[in-house]
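Student: Curious how this folds, go ahead:
(one chain, ligands or ions: 3)
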Amino acid sequence: MIREKIVINGIVQGVGFRPFVYRLANELALCGYISNNSDGVIIEIEGEKTKLELFHKRLKSSPPPLSRITQYSINEIPIIKDSEFLIKKSSHNTTPKTFISPDIATCEDCLHELFDSNDRRYLYPFINCTNCGPRYTIVKGIPYDRPLTSMSSFPLCSDCQREYDDPLNRRFHAQPNACAVCGPQLTLHNGSDTISSYNPINNIISFLLNGKIVAVKGIGGFHLAVDPHNRNAIEKLRERKGRAEKPFALMAKDLQTIQKFCYVSEKEIELLQNYKRPIVLLQKKRNGTLPESIAPNNQYLGFMLAYSPIHHLLLQDRYDCLVMTSANVSEEPIAIDNQEAINRLSEVADFFLLHNRDILQRCDDSIVRVSADLPQIIRRSRGFVPLPNFINKIITHGVLAVGGELKNSIALSREDSVFLSQYIGDLDNPKAYSFFENSILHFSKILEIKPKYIAYDMHPEYLSTKWAKKQNLPSVAVQHHHAHMVSVMAENNFYNQTIGIILDGTGYGSDGTIWGGEVLIGNTSGFERFSSLKQVPLPGGTAAVKEPWRMALSYLYSVYGKDIPNKLPFVKSLDKNKADIVYQMIDKKINCPLTSSCGRLFDAVSALLNIKQEINYEAQAAIELEAAANIALNSSALSVHPIEPTSSVIDTSSLIKTIVEMILLSKPLSEIALYFHYQLAEYFVASAIAARDKYCLQTVALSGGVFQNKIFFEYIYKRLQSENFTVLIHKELPTNDGGLALGQIIIADATLSEQKKEV
Ligand code: ZN
Ligand code: ZN
Ligand code: FE
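Tutor: Ligands and ions are numbered 1, 2, ... in the order given. So this is what the prediction gives:
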């Protein structure tokens, strides 16, 4: 007989860990107790030595599905001679190591009960259990227990309490446990008054059938729902939301529905059905019957499966799918509070499906896709947050990284874990900015991390930078593309010198110009700019981002000077006066900052091909260029030629010339678009080879928003591998600025460590 004390860290709270251990201990006739505290899970267990060994083996090899054990320590202690195994109340002390579970889609067991007319939770819209339901979005603080969630205002009825107390029940210690007697309820609202309703779900369905726009309160915020087959309703939603062309997401009842409209691979099925239930970008079927206006000029539809009981009820009979787009106006953050939603959306939604379980943390739907047969995360929010990234390195300094400006996400470090917040958005928007400030407070609170240092982007005008400089903490400025590079390195636990191909729209360079088409050599403590795209003027600064025709003109002018080929349809279509102004701006260097941006090169080519002259959502020109290229994807006529490795500036003049010639020869648009993707990739492959030759490096890290372009990413990824490079890519974080904060933390830590050494 022996007694042991086991301390387990990792994702072990709110994931059914205690009942699992309770059942295991009982099964093996072991005595002792388990308790949750801020250190993790503490188990004291006594019994025969062989049984204890079996206990460890089973707990480590098959823990509850949502848990993740990061540390497991065992110490032998004196025997007490307990007579049973107990689950003790949570205690709270000051050195926290635990993690809070993300929100989990309704499980099969609960779904079954939801539609079982004999079950006491038949059609109850808030059914959940230990294996499913809201988590992160209802948490106020830790330890994760009901009093510290938004369920604290719903005292359990005796039936729910019995389930909650019974270690053998599926709802044992399920903090959001509830039923129609004691739990949250739905209400119906028309924007000015509550409408009394016996069955709000049925009302909502009939509103949708009548082409109405409905705001539906969900897990991490509100959605705006409309009938996906009703063109007028979609049109009305676009108008009221101020969203002319940006795609709307869809929510489907089941996989079969999605397969009617999209091609779905095995990998994509896995992503769709994962408990995280993200939006998955899927290739549209050409003969699909959904209106084009859901995602105009886009080769993908964003589909997710229903993930809360409310969704399952809405999609039960009449609809197999619905447009479910985040409830906001233009670029504001998604609404979460009832009154806030009514105030902000009364001009958009005709009706509101509300409930009284508060959403404490805003969390958008996550967006993923499959690229090069691997999952690629585009927006990391619900289902992922607040899971940490384990970086296989101890960050000695508690660091807060404040991220970038667009697609902002902040991060906090704790030893070998980095916690990235959910998607916050564009800080230029005042509501997003206050979400940013709140997220920093809330994240520090629930993770109990008090940062000692701040890492921020070098860009002096980023609002995150300005915020960082106002704090009374020492801080470190990090170059944007260096942060991208170290972020992807850290995700791969690779910290040696490496080549980085970092391609995005914009980032502040160490020389004060705008970078974005960079080949860097570096590690966590520094970098050298090995080569980059030749700089061109950005006529009008941000205006050039919104109006890609300016970039096309800038490129043509830099390649041909005054002899711009006038026969080009693009040139013919230009407003002569506007074009002249741009020429003059370039000549006189008025508001024409120089940029090596790769994103702007995609824009320029999109405009040059007359695909998109002006955009109304971020990266639209590049997205539509990719959609055009996609049509030619299987044609074999393309001849792409390798580029001579060179370590100097990457001059794409001959690429632009070839594209112009192809246009003048009336080659198919899609073929030219595809040629551009491949040929541009060759320039960067050549540069990576030059870097390898010079520095004997074998590893290339890819990061930056441009790699969201699937055709470009898949091509360059395979080409680099065929050149025998080890290629590091993002796996768990977005390749766009949403993943910056991880790199910022690691670089700041390296900088601080070096400063200490010098002292
Ligand atoms: Zn469940
Ligand atoms: Zn109840
Ligand atoms: Fe970037």
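Student: Surely residue 522 is within a strand?
Tutor: Yes - judged by DSSP: H, G, I helix; E, B strand; the rest coil, residue 522 forms part of a strand.
Student: Am I right that it is in contact with residue 496?
Tutor: No - in this structure residue 522 lies outside contact range of residue 496 using C-beta atoms under 8 Å: 10.4 Å. Where C-beta positions appear, they are placed from N, C-alpha and C, glycine not excepted.
Student: Overlap in contacts, the two.
Tutor: Overlap between the neighbourhoods of residue 522 and residue 496 is empty, taking contacts as C-beta atoms under 8 Å, 6 or more residues apart in numbering.
Student: Residues of the stretch 251-400 of the chain that sit close to ligand 1?
Tutor: Taking C-beta under 5 Å from the ion as the criterion, ligand 1 has no neighbours within the stretch 251-400 of the chain.
Student: Which one's more surrounded, residue 522 and residue 496?
Tutor: Regarding residue 522 and residue 496, a neighbour count based on other C-beta atoms under 10 Å identifies residue 522 as having more, with 22 against 10.
Student: partners of that one in the sheet?
Tutor: Beta-bridge pairing of residue 522, defined through DSSP bridges, involves residue 498, residue 527.
Student: Now the residue of the stretch 601-750 of the chain found nearest ligand 3. Nearest residue, chain neighbours left out?
Tutor: Nearest residue of the stretch 601-750 of the chain to ligand 3, counting by C-beta to the ion: residue 737, 4.5 Å away. Setting aside the residues directly before and after it, residue 737 is nearest to residue 404 in space (C-beta to C-beta, 6 or more residues apart in numbering), at 3.9 Å.
Student: In contact with the residue in the stretch 201-350 of the chain positioned nearest to ligand 3, which residues?
Tutor: Ligand 3 sits closest to residue 331 of the stretch 201-350 of the chain, with a gap of 17.5 Å, by C-beta to the ion. Taking C-beta under 8 Å, 6+ apart as the definition of contact, the neighbours of residue 331 are 425-426, 429, 432.
Student: Among those, which one lies nearest to residue 637?
Tutor: Nearest to residue 637 among those: residue 426, at 40.7 Å, using C-beta to C-beta.
Student: got the phi/psi numbers for the closest one?
Tutor: Backbone geometry at residue 426, expressed as degrees, to the nearest 10, gives phi -90, psi 110.
Student: picking that back up, assess the claim that the residue of the stretch 601-750 of the chain closest to ligand 3 and residue 410 are in contact.
Tutor: No - distance between residue 737 and residue 410: 11.8 Å, which falls outside the contact criterion (C-beta under 8 Å).
Student: re earlier: tell me how many other residues crowd the residue of the stretch 601-750 of the chain closest to ligand 3.
Tutor: Using other C-beta under 10 Å, the number of residues around residue 737 comes to 25.
Student: try residue 347
Tutor: Residue 347 is flanked by 10 other residues according to other C-beta under 10 Å.
Student: ok so, going back, per-residue pLDDT of the residue of the stretch 601-750 of the chain closest to ligand 3, please?
Tutor: Among the per-residue scores, residue 737 holds a pLDDT of 98.
Student: if I look at it, how far off is residue 140?
Tutor: Going from residue 737 to residue 140 by C-beta to C-beta, to the nearest Å gives 29 Å.
Student: How about residue 370?
Tutor: Separation of residue 370 from residue 140 (C-beta to C-beta) stands at 36 Å.
Student: what does the chain have sitting close to ligand 1?
Tutor: Applying C-beta under 5 Å from the ion, one finds that the chain approaches ligand 1 through 107, 110, 129, 131-132.
Student: Show the contacting residues for the residue nearest to residue 647 when sequence neighbours are not counted.
Tutor: Excluding the flanking residues, the one nearest residue 647 by C-beta to C-beta, 6+ apart is residue 690, at 4.5 Å. Under the criterion of C-beta under 8 Å, 6+ apart, the contact partners of residue 690 comprise 530-531, 645-647.
Student: For those residues, which two are the farthest from each other?
Tutor: With distance counted by C-beta to C-beta, no two of the contacts of residue 690 lie farther apart than 530 and 645, which are 11.6 Å apart.
Student: for the residue of the stretch 451-600 of the chain found nearest ligand 2, helix, strand, or coil?
Tutor: Nearest residue of the stretch 451-600 of the chain to ligand 2, counting by C-beta to the ion: residue 451, 40.5 Å away. Taken by three-state DSSP, the conformation at residue 451 corresponds to coil.
Student: Please report how far it lies from ligand 1.
Tutor: With distances defined as C-beta to the ion, to the nearest Å, the gap from residue 451 to ligand 1 amounts to 36 Å.
Student: What is the neighbour count of that residue?
Tutor: Other residues near residue 451 number 20, with proximity taken as other C-beta under 10 Å.
Student: Surely it and residue 444 touch.
Tutor: Yes - taking contacts as C-beta under 8 Å, residue 451 lies within contact range of residue 444: 6.8 Å.
Student: Return every residue with contacts to both of these two.
Tutor: Here residue 451 and residue 444 share the contacting residues 400, 412, scored by C-beta under 8 Å, 6+ apart.
Student: Any stretches of the stretch 551-700 of the chain with poor pLDDT?
Tutor: Low-confidence segments of the stretch 551-700 of the chain, defined by pLDDT under 70, are located at 636.
Student: Most proximal residue of it with respect to ligand 3?
Tutor: Scanning the stretch 551-700 of the chain for proximity to ligand 3 using C-beta to the ion identifies residue 599 as nearest, at 8.7 Å.
Student: one step back: check the residue nearest to residue 737 and give its pLDDT.
Tutor: Note on residue 404: pLDDT of 97.
Student: what's the answer for the one 4 residues further on, then?
Tutor: Per-residue pLDDT puts residue 408 at 97.
Student: now swap in residue 40 and tell me
Tutor: Confidence per residue is given as pLDDT, and for residue 40 that number is 80.
Student: And the one 3 residues further on, by the same measure?
Tutor: At residue 43, the predicted lDDT confidence score is 95.
Student: quick one: buried residues of the lengthiest helix in the chain?
Tutor: Across the chain, the longest stretch assigned as helix under DSSP state H is helix 669-695. By 16 or more other C-beta atoms under 10 Å, the buried positions in helix 669-695 come out as 669-692.
Student: Next: stretch 628-637.
Tutor: 628-630, 632.
Student: Compute the number of surrounding residues for the residue in the stretch 1-150 of the chain that ligand 3 sits nearest to.
Tutor: In the stretch 1-150 of the chain, no residue comes nearer to ligand 3 than residue 102, which is 25.2 Å away by C-beta to the ion. Residue 102 has 26 neighbouring residues, counting by other C-beta under 10 Å.
Student: contacting residues around it?
Tutor: For residue 102, counting by C-beta under 8 Å, 6+ apart, the contacting residues are 135-136, 276, 382-387.
Student: Most neighbours among those, which one is it?
Tutor: Compared across the contacts of residue 102, residue 382 has the highest neighbour count, 31 neighbours, by other C-beta under 10 Å.
Student: Tell me, how many residues neighbour residue 203?
Tutor: Other residues lying near residue 203 total 17 when counted by other C-beta under 10 Å.
Student: From ligand 1, how far out is it?
Tutor: To ligand 1, residue 203 is 26 Å away according to C-beta to the ion.
Student: Could I get the contacting residues of that residue?
Tutor: Applying C-beta under 8 Å, 6+ apart, the residues near residue 203 are 188, 195, 197, 351.
Student: Over to residue 322?
Tutor: Residue 322 neighbours (C-beta under 8 Å, 6+ apart): 208, 225-228, 250-251, 314-315.
Student: Ok, residue 706 next?
Tutor: Residue 706 is in contact with 503-505, 598-599, 602, 622, 712, counting by C-beta under 8 Å, 6+ apart.
Student: Then residue 437?
Tutor: Taking C-beta under 8 Å, 6+ apart as the contact definition, residue 437 lies against residue 467.
Student: same thing but 10 Å
Tutor: Remark: with contacts taken as C-beta atoms under 10 Å, 6 or more residues apart in numbering, residue 437 is in contact with 410, 424, 427, 467.
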